[in-house]
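Peer 1: here's a sequence, model it:
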Amino acid sequence: DNGSKLVVDDSTTISIEGKESKLEDLKQGAKVKASYEEKDGKKVVTSIDVKK
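Peer 2: Residues are numbered from 1 along each chain as shown. This next block holds a predicted model:
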């Protein structure tokens, strides 16, 4: 843990193996690729992609 925190909001898109999903569908320990933008000093996630 390097101390970086990412914020997920209503505009964040989440996909699991190419299917549109919800934050609740993510499993702890899943390998993800997350993209984010700096907004008002926060790192706001634009997309999360989960692959096997």
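Peer 1: for stretch 45-52, buried residues please.
Peer 2: Residues of stretch 45-52 classed as buried under the neighbour-count rule (16 or more other CB atoms under 10 Å) are 45, 48-50. C-beta coordinates here come from the backbone N, C-alpha and C atoms, glycine included.
Peer 1: quick check, nearest of these to Val7?
Peer 2: Using CB to CB, Val45 comes nearest to Val7 of the buried residues of stretch 45-52, at 6.6 Å.
Peer 1: what helices or strands is the helix or strand harbouring that closest one leaning on?
Peer 2: In this structure, Val45 sits in strand 42-50 according to DSSP states H and E. When contacts are defined as 3 or more CB pairs under 8 Å, 6 or more residues apart in numbering; DSSP states H and E, strand 42-50 sits against strand 13-16, strand 32-39.
Peer 1: neighbouring strands - and their directions - for the first one?
Peer 2: Sheet neighbours of strand 13-16, with direction, are listed as strand 19-21 (antiparallel), strand 42-50 (parallel) (DSSP bridges).
Peer 1: closest one to Thr13 among these?
Peer 2: Smallest distance to Thr13 across the strands paired with strand 13-16 (CB to CB): 4.7 Å, for strand 42-50.
Peer 1: picking that back up, in a markdown table: the helices and strands packed on strand 42-50, plus distance to Leu23 and mean neighbour count.
Peer 2: Output for these, formatted as a markdown table (distance: least, CB to CB, whole Å; neighbours: other CB atoms under 10 Å):
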| stretch | distance to Leu23 | mean neighbour count |
| --- | --- | --- |
| strand 13-16 | 6 | 16 |
| strand 32-39 | 11 | 12 |
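Peer 1: thanks a lot, catch you later.
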